[in-house]
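Student: sequence and predicted structure below; questions after.
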Amino acid sequence: MADQLLEITGLNKHFGGIFATENVNLSVERGTIHAVIGPNGAGKTTLIAQLSGQLKPDSGNIEFDGRSIINDSVATRARMGIARSFQITSVVMPMTLLENVMLAVQGGSGHSFGFWSPVHRDRAMETSAMSSLAEVGLEDRARRTAANVSHGEQRQLEVAMALAMKPRMLLLDEPMAGMGKEEGAMMIDILKRLRGDMTILLIEHDMDAVFSLADQLSVMVNGHVIATDTVENIRANKEVQKAYLGDGHA
Amino acid sequence: MSWLPANLSGRSYALLLAILALAPFILEWANQPFYLDLLSRALILGIAAISLNLILGFGGMISLGHAAYIGIGAYCVGIPSYYDYYNGWLHLALALSVSAIFALITGAISLRTKGVYFIMITMAFSQMVFFTFLSMEEYGADDGLVIYSRSEFPEWLSMDSGVSLYYWVFAMLLLSLMFTHRLVHARFGRVIVGSRFNEQRMQALGFNTYRYRLTCYVISAMMCSVAGMLFGNFAGFISPDIMGWARSGELIFMVIIGGVATFFGPLVGTIVFVLLEEFLSAITVYWHLIFGVMLVALVLFGKGGIHGWLSSWDRKEADHG
């Protein structure tokens, strides 16, 4: 068995009579990108919500680095090194990009019960935040207010914030949602550069992105994982084609 | 839009502080000792408004029970004095610790709720304090409690005269302004402000927002209790009226009039509030009516309160000059 950083076993979550997650087993190997694809309503975002701690599963287990995190809060899991981006952009809009990323640096570095020293004079924190902004190509936007940059740049900011926490794992919920072709290509580049260093669980609709990035691929339909395999094998899988990719891809 | 108060040139506020620092001399020269009283009262309430603004403005926690901490601070002077304990350090330490404990307990419960529920529950807790003091016959109940002598401090810190009390108030005011400013710009403040705009994101960044908010709530309460301690000394007579929910509402008005989430706004708002109250009530007994109309107008048309007007005026001036 390879070195698994994240191990999900028998995860169940239902809302009323509808199973959003049904007996999901999934594991992510350290240092790889594992993508989850599936049609709308397949339960991908619900899965992320359970991994990050926003939603409590009905049953099943989630192990991170060999330890069950099922009872830990969102904040605790984040401090353990699970960083996430949101499908619907979620940043602190009135703050500048730099201030947003500095918050993430702060979050990833111990407690914040500092009552006296001004953050804007903390050079070490600023340097660290700037390097995360540079990683996603936003360094020249640092002083702009988050509300005043483009949608694509806000998406990049999400990733920069996740990176600034110095996480051990990234949960990316459709980082390319609503992006144009060019912006999407830029995001793919960003993620490609992380490949090998970072363990990533990637949820994405964009097939080009998924096929060029993922080491492993899971296909979710109606709360089930119907297949997990390498990209090549998934593409060849008849069942997957029928359920999701459509005949055009065959 | 920014989370930080609009940039003022700072001149207006430096001028305000200078006037406040010299006020006793100016008023003595003008032979208007009454106004020193009024100003002392305004600055005491100003400290309370600044403390409320910390949670309401910067933290987005709208409390309708903050006057309870004025009451707690005041009774921490009144009750020991009733037993002939006049030591000022004792009064101050009591005010700070009782308010901290009360805020910790009630805050821990209140902060489990949000929005309107938070408003209601903070009001409920403050009414609990109100009725507790209302029922304490020993300490005067609704007849109130007379404080015969001011808190005793070493000679050079004495607050026995009107002017020395005023400087006590002024010094505490400067301290709370400075402390708020440092706090908001420090790591802690960033978390508090971030949580006001996007709590979900802050949690995902690893912040236990509940714990930070609770800490902020306790700090704000302690700051407010200092206003209460000063109020007890200033008034020489305290009754549960000082912590009714109407007073908590007035504190909110003061913050809104001056400018929510600004550093000087609550102070300016309080001074304007107290002056208006004074002059309008001299003109007519129906002054609440006029005052109400003014407040409605301010909320409808005035963005960012007086601070907002000043800064847009400042900007225009800068554009022309």
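Tutor: Yep, it's here.

Student: from here on, just use CA atoms for contacts and neighbour counts.
Tutor: Noted.

Student: excluding its backbone neighbours, what's nearest the residue of chain A found nearest chain B?
Tutor: For chain A, the residue closest to chain B is residue A:75, as judged by C-alpha to the nearest C-alpha, at 3.9 Å. Nearest residue to residue A:75 in three dimensions, chain neighbours excluded: residue B:206, at 3.9 Å (C-alpha to C-alpha, 6 or more residues apart in numbering or on different chains).

Student: same question, residue B:70
Tutor: Nearest to residue B:70 is residue B:228, by C-alpha to C-alpha, 6+ apart, at 3.8 Å.

Student: helices or strands next to whichever strand or helix holds that neighbour in the packing?
Tutor: Assessed by DSSP states H and E, residue B:228 sits inside helix B:209-235. Packing partners of helix B:209-235 (3 or more C-alpha pairs under 8 Å, 6 or more residues apart in numbering or on different chains; DSSP states H and E): helix B:33-53, helix B:67-82, helix B:88-110, helix B:162-185, helix B:187-197, helix B:199-204.

Student: 10 Å instead?
Tutor: Judged by 3 or more C-alpha pairs under 10 Å, 6 or more residues apart in numbering or on different chains; DSSP states H and E, helix B:209-235 is in contact with helix B:33-53, helix B:67-82, helix B:88-110, strand B:145-146, helix B:162-185, helix B:187-197, helix B:199-204, strand B:237-238.

Student: and the angle from it to helix B:67-82?
Tutor: Relative orientation of helix B:209-235 versus helix B:67-82 (axes from the mean of the first three to the mean of the last three C-alpha atoms, to 10 degrees): 50 degrees.

Student: residues touching residue B:179, list them.
Tutor: By C-alpha atoms under 10 Å, 6 or more residues apart in numbering or on different chains, the contact list for residue B:179 reads A:115-116, B:173, B:223.

Student: and the gap between it and residue A:194?
Tutor: As judged by C-alpha to C-alpha, to the nearest Å, residue B:179 and residue A:194 stand 42 Å apart.

Student: ok, residue A:126 next?
Tutor: Residue A:126 is 21 Å from residue A:194, where distance means C-alpha to C-alpha.

Student: and residue A:199, what are its phi and psi?
Tutor: Dihedral pair for residue A:199: phi -90, psi 130, per degrees, to the nearest 10.

Student: return the residues in contact with residue B:288.
Tutor: Contacts of residue B:288 were listed using C-alpha under 10 Å, 6+ apart, and they are B:277, B:280-281, B:294.

Student: thinking again about what came up before, wait, doesn't the residue nearest to residue B:70 sit right on residue B:72?
Tutor: Yes - under the criterion of C-alpha atoms under 10 Å, residue B:228 makes contact with residue B:72 at 6.8 Å.

Student: part of a strand, is residue B:120?
Tutor: No - according to DSSP: H, G, I helix; E, B strand; the rest coil, residue B:120 belongs to no strand; its state is helix.

Student: report the central residue of chain B.
Tutor: In chain B, the C-alpha nearest the mean C-alpha coordinate belongs to residue B:48, at 1.2 Å (C-alpha atoms, centre = their mean).

Student: let me know the secondary structure of the closest residue to chain A within chain B.
Tutor: Residue of chain B nearest chain A, by C-alpha to the nearest C-alpha: residue B:206 (3.9 Å). Here residue B:206 is recorded as coil under three-state DSSP.

Student: count the neighbours of residue A:233 for me.
Tutor: 13 (other C-alpha atoms under 10 Å in any protein chain shown).

Student: which helix or which strand is home to it?
Tutor: In this assignment (DSSP H and E), residue A:233 forms part of helix A:231-236.

Student: distance from the chain centre to that helix, please.
Tutor: 22 Å (C-alpha atoms, centre = their mean, to the nearest Å).

Student: what's it packed up against?
Tutor: helix A:207-213, strand A:216-221, strand A:224-230.

Student: okay, now the residue nearest to residue B:239 when sequence neighbours are not counted: neighbour count?
Tutor: Using C-alpha to C-alpha, 6+ apart and skipping residues adjacent in sequence, the residue nearest residue B:239 is residue B:144, 3.9 Å away. Residues lying near residue B:144 (other C-alpha under 10 Å) number 18.

Student: list the contacts of residue 47.
Tutor: Going with chain A. Contacts of residue A:47 by C-alpha under 10 Å, 6+ apart are A:11-13, A:20-21, A:24, A:36, A:53-55, A:57, A:203, A:223.

Student: nope, chain B please
Tutor: B:53, B:169-170, B:172-177, B:223-228, B:230, B:266-267, B:270.

Student: repeat the analysis, applying 7 Å as the threshold.
Tutor: Residues in contact with residue B:47 (C-alpha atoms under 7 Å, 6 or more residues apart in numbering or on different chains) are B:173, B:176, B:224, B:227.

Student: from those residues, which is closest to residue B:119?
Tutor: Nearest to residue B:119 out of the contacts of residue B:47 is residue B:224 (C-alpha to C-alpha; 17.5 Å).

Student: and the pLDDT for that closest one?
Tutor: You'll see residue B:224 listed with a pLDDT of 98.
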